[in-house]
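Asker: Below are the sequence and a predicted model for it; my questions follow.
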Amino acid sequence: MEHSTEDYIVRATAAQAQIRAFACTSRGVVEAARQAHNTSPVVTAALGRLLSAGAMMGRMMKGEGDLLTLQVKGDGPAEEITVTADSLGNVKGYAGVADVILPANKQGKLDVAGALGHGILKVIKDMGLKEPYIGQTMLQTGEIAEDLTYYFATSEQTPSAVGLGVLMERNNTVKQAGGFIVQLMPFAEEEVIERLEENLKNVTSVTAMLDEGKTPEEMLGVILEGLDCEILESVPTAFRCNCGKGKIEKVLISLGREEIQDMIEDGQEIEVNCHFCGQKYKFSVDELKKLI
């Protein structure tokens with residue numbers, strides 16, 4: 001996967017820690033997902049936005065084993081988009097229906113909201129506790145960034161600004177992708193909030209900033225101008241799936257003895273695809289017998 005080395009997430013703070021911020025560039029991540037799932041442009045845009053958000057939100061978690069899942073389920077033709085990220089910058093995802101084709105929206109852009117329709121956004125954080133944390137909100141616009149802004153405000157009581165963008169080349173490969181998440185801490189002062197709101201009004205779009213050649217650091221420089229932005233870290237991010245034959249075996253075992261017995265009686269080797277990356281795993285009849 002070329003270009004993926006260029007993808008990274010920065011974490012920053014501003015206004016004496018009254019603001020925390022993340023920004024990323026994720027062209028390689030989104031292009032890898034597009035290739036793995038052969039997604040249409042509108043699905044690439046939807047999946048790409050959620051992958052970028054997942055990469056940044058994964059980085060918000062503290063523990064090495066922590067896992068974050070973002071799921072958008074709607075009544076639109078794409079049906080659902082699922083993204084899973086760890087806290088180390090690895091992210092993966094897939095769409096329910098990969099080949100949705102829709103006309104452009106009123107702004108002449110890819111109609112992500114039309115592909116997703118009305119539905120719900122689920123945020124699942126598995127932090128090694130008995131029960132994962134699950135936050136759920138209704139989709140507000142179906143454009144993903146605004147839906148996450150609403151999620152942060154209602155489920156995590158954190159006023160946030162989220163920007164996500166995917167820009168396609170004419171040949172339908174990914175030209176630019178990335179995003180930002182800027183959050184106000186509870187003790188943020190009024191003038192800091194006002195300055196941030198002013199700055200955000202002047203922000204074009206994520207894709208415009210990336211297409212001008214702005215780095216994640218420079219994007220945050222624009223959003224946090226005059227607020228004393230300090231970059232704390234920069235971490236690579238990549239589309240990476242941790243599937244393997246062992247994991248797929250566990251899935252097969254979970255189907256139960258009867259199901260596996262039926263497969264054995266068919267007398268054919270079976271092929272199982274990983275949802276997240278499309279990798280194919282073959283199981284011979286002998287291997288299926290061992291599973292029982």
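Answerer: It's in. Numbering: from 1, shown residues only.

Asker: Distance check, Thr84 against Gln35.
Answerer: Computed as CB to CB, to the nearest Å, the Thr84 to Gln35 distance reads 18 Å. All C-beta atoms are positioned from the backbone trio N, CA, C, and that covers glycine.

Asker: Those two: which is more packed in?
Answerer: Thr84 (22 against 15; other CB atoms under 10 Å).

Asker: any idea which helix or strand carries that one?
Answerer: strand 80-86 (DSSP states H and E).

Asker: what's the model's confidence in that strand, averaged?
Answerer: The pLDDT scores in strand 80-86 average 97.

Asker: Let's see that strand as CSV, backbone CA atoms only.
Answerer: Extracted in CSV, the C-alpha atoms of strand 80-86 (Å, rounded to 0.1, in the frame of the first residue of the first chain):
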residue,chain,number,x,y,z
GLU,A,80,-24.3,0.4,7.3
ILE,A,81,-20.7,1.4,7.8
THR,A,82,-18.5,-0.1,10.5
VAL,A,83,-15.1,1.0,11.5
THR,A,84,-12.8,-0.4,14.2
ALA,A,85,-9.7,1.4,15.6
ASP,A,86,-7.1,0.7,18.3
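
Asker: Within its sheet, name the partner strands of that strand and how each one runs.
Answerer: Sheet pairing of strand 80-86 (DSSP bridges) gives strand 67-74 (antiparallel), strand 90-95 (antiparallel).

Asker: Now the shortest one - C-alpha only, CSV.
Answerer: Once side chains and other backbone atoms are set aside, the C-alpha atoms of strand 90-95 remain, and they are given as CSV (Å, rounded to 0.1, in the frame of the first residue of the first chain):
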residue,chain,number,x,y,z
ASN,A,90,-4.5,1.1,13.3
VAL,A,91,-8.0,1.3,11.7
LYS,A,92,-10.1,-0.8,9.5
GLY,A,93,-13.7,-0.8,8.2
TYR,A,94,-16.3,-1.9,5.7
ALA,A,95,-19.6,-0.9,4.2
